[in-house]
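**Student:** Here is a sequence together with a model predicted from it:
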Amino acid sequence: MRGKEIIQKATAEGRNLLSETESKELIKEAGINVTDTKLALSKKEAVAISDQMGYPVVLKIASHEITHKSDSGGVKLGISSAGDVGTAYDEILASVTQKCPTAVIQGMTVQKAARPGVEVIIGMFKDAQFGPVLMFGLGGVWVEILKDVSFRIVPLRKKDAASMIREIKGFPLLEGRRGREAVDLSILEEALLKLSAFVEKYPEIKELDLNPIFAYANGYLAVDARIILEKRP
Ligand code: ADP
Ligand code: MG
C-alpha cells in the first residue's frame, strides 16, 4: 500500500497511531532499510508466515492501543522453530491480556531476527517554534538511561547529518574501539537525509521513531518503527 493510502486508512479508522507494519511500510518508502514484517491474525498464521520467512523469527504483539510492546511482555526474540512460535504466541497473549486487559489485540507481527549490531535511534518530533526536528542517538535501553541524543532542524544538510552523529557522547561506540568493528557512518548519514526529505513530504506525520536501528560495519537495519499522525483539524 502506498504511503498516502496507509495514512488515509488510519485516519478513516480514527487512529493517530500507525501499527508497526504500517509504520515500516511507510518508512520503507523513504528508502530506509527495515525488517520485512507481516501481520498474523492467528497462531496458525504466525506459524505459516514464520515457516515461509525462515528461522529464527521475532514475534511482537499487534494492537492499536499498545505503543511500547516489550513493556507488556509483547516481544519474543530468537524463536527457532514452529513449535516455539506457538509457545511464544501463547505467552505473549497471556502476558499482554494480563497487563493491558482492555487492549483490543489484532494478532502478532512476524519478522526475521536481525543480526545484532550497535543499537541507535532516529526520531522526529515537531517543535512549536522550529517545526520538524530530527533526533539521533544511542538506541534500545540506552536512550532512556543515557539520553545521549543530538538534534537538527529539518531540512538537514549533509554536514548536519555528519555532525549530529559525531556529537553524541557515545560516538566512540560507533567508531569501533577495543576490537569492535566501526559502523558504516556514511550510510547512517544517508538515512538521516532520506528521513529529512520524507518528513517534508509527509506533513501529516507528527512523530516518528525508529528504535532501535541496528548499525553494522556494512549497512543498518531498523527493527522497530512507530509513527504518530497529526490530529485531524
Ligand atoms: P518496543 O515496542 O518495546 O520498542 P521493539 O520492537 O523495539 O519493541 O523490540 C524490543 C527490542 O527487541 C528491541 O529494542 C531490539 O533489541 C529487539 N528486537 C526487536 N525486533 C528485533 C528483530 N527483528 N531482530 C532482533 N532483535 C529485535
Ligand atoms: Mg522499539
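**Tutor:** Perfect, I can see it now. Ligands and ions are numbered 1, 2, ... in the order given.

**Student:** Please identify which residue in this protein comes closest to ligand 2.
**Tutor:** Nearest residue of the chain to ligand 2 (CB to the ion) works out as Asp224 at 3.5 Å. All C-beta atoms are positioned from the backbone trio N, CA, C, and that covers glycine.

**Student:** in this protein, what secondary structure element scores lowest on mean pLDDT?
**Tutor:** Lowest by mean pLDDT, DSSP states H and E among the helices and strands of the chain is helix 142-146, with a mean of 75.

**Student:** Which elements pack onto that helix?
**Tutor:** Helices and strands touching helix 142-146, as assessed by 3 or more CB pairs under 8 Å, 6 or more residues apart in numbering; DSSP states H and E, comprise strand 131-138.

**Student:** what's the strand it packs on in contact with?
**Tutor:** Strand 131-138 has contacts (CB atoms under 8 Å, 6 or more residues apart in numbering) with 118-127, 143, 146-154, 156, 164-165, 168, 170, 173, 188, 192, 195-196, 199-200.

**Student:** and if we set it to 6 Å?
**Tutor:** 121-127, 143, 148-154, 164-165, 168, 170, 199 (CB atoms under 6 Å, 6 or more residues apart in numbering).

**Student:** again with stretch 206-217
**Tutor:** 114, 117-125, 139-140, 181, 183, 220-222, 224-230.

**Student:** Can you give me the distance of Asp148 to Gly86?
**Tutor:** 39 Å (CB to CB, to the nearest Å).

**Student:** cool, and Leu174?
**Tutor:** 39 Å.

**Student:** the more surrounded of these two?
**Tutor:** Higher neighbour count among Leu174 and Gly86: Leu174, with 20 against 16, using other CB atoms under 10 Å.

**Student:** need the contact list for the more buried one.
**Tutor:** So Leu174 contacts Val183 (CB under 6 Å, 6+ apart).

**Student:** How far off centre is the helix or strand hosting it?
**Tutor:** In this structure, Leu174 sits in helix 171-175 according to DSSP states H and E. Distance of helix 171-175 from its chain centroid, counting by CA atoms, centre = their mean, to the nearest Å, is 21 Å.
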